[in-house]
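[1] Here's my sequence, what's the structure:
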Amino acid sequence: TSYTGGLVGDASGTISSSSASGNVTGGARVGGLVGSFLGSSLTDVSASGDVTSTTTSADVGGLVGYAQSNGGTLTNSFATGNVSAAANANSVGGLVGEFLMTGGISSVTAGSTNSTVSGGTATGGVIGYTTNGAATSFTTVTNGVQFAFRGASVSGNGWVGGLVGQSSGAATFSAGYVIP
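    Predicted coordinates for the structure are as follows:
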């Protein structure tokens, strides 16, 4: 089943002060909280279960599988479970599988001490894949680590990163950390 989430499969608008716990399994666009999000903002949201995709056309994330909007933001959020997809799946991330929200991302973490992220192409500890025509900012807000992967490992078959698997376009990164 595509568009699968711990809270909602497909959403738009704004989601705030929400959480989901428990394992989530689906096909494409699978997330611990939301499978596919085409809204303006995700704020103070979290997910704590394992997320698994059963297909090769993935977009899988610990919090959101696929997130897109012009000017949209993701802030003050985290996911702590394992994320896994097939070895030939695309866009797999500890927090977001594919991130296309041009307003940016801040104050987010993915993973916990023993958590893992595994997939195929474009697999990252926080974000699997991101691209934007306008600058997307991955930044710190105030005080402390604001963009981090806290898990044990990230693995895949191409474009694999501790924070971001693949970034194309005009993305800007600062204050990002991999914390073993």
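
[2] How many neighbouring residues does the residue lying closest to residue 63 once chain neighbours are set aside have?
    Excluding its sequence neighbours, the residue lying closest to residue 63 (Cβ to Cβ, 6 or more residues apart in numbering) is residue 79, at 4.1 Å. Where C-beta positions appear, they are placed from N, C-alpha and C, glycine not excepted. Counted with other Cβ atoms under 10 Å, the neighbours of residue 79 add up to 32.

[3] Can you read off the backbone torsions of residue 79?
    Backbone geometry at residue 79, expressed as degrees, to the nearest 10, gives phi -140, psi 140.

[4] Residue 122: helix or strand, and which one exactly?
    Per DSSP states H and E: residue 122 is located in strand 121-124.

[5] Quick check: neighbours of that strand in the sheet, parallel or antiparallel?
    Partner strands and pairing direction for strand 121-124 (DSSP bridges) are strand 90-93 (parallel), strand 158-161 (parallel).

[6] Quick check: mean pLDDT of that strand?
    Average pLDDT, strand 121-124: 96.

[7] what does it contact?
    Outside of strand 121-124, the residues within contact range by Cβ atoms under 8 Å, 6 or more residues apart in numbering are 88-94, 117, 128-129, 149, 154-166.

[8] re the thing from before, just tell me which of the strands paired with strand 121-124 ends up closest to residue 38.
    Evaluated over those, closeness to residue 38 peaks at strand 90-93, with 15.7 Å, by Cβ to Cβ.
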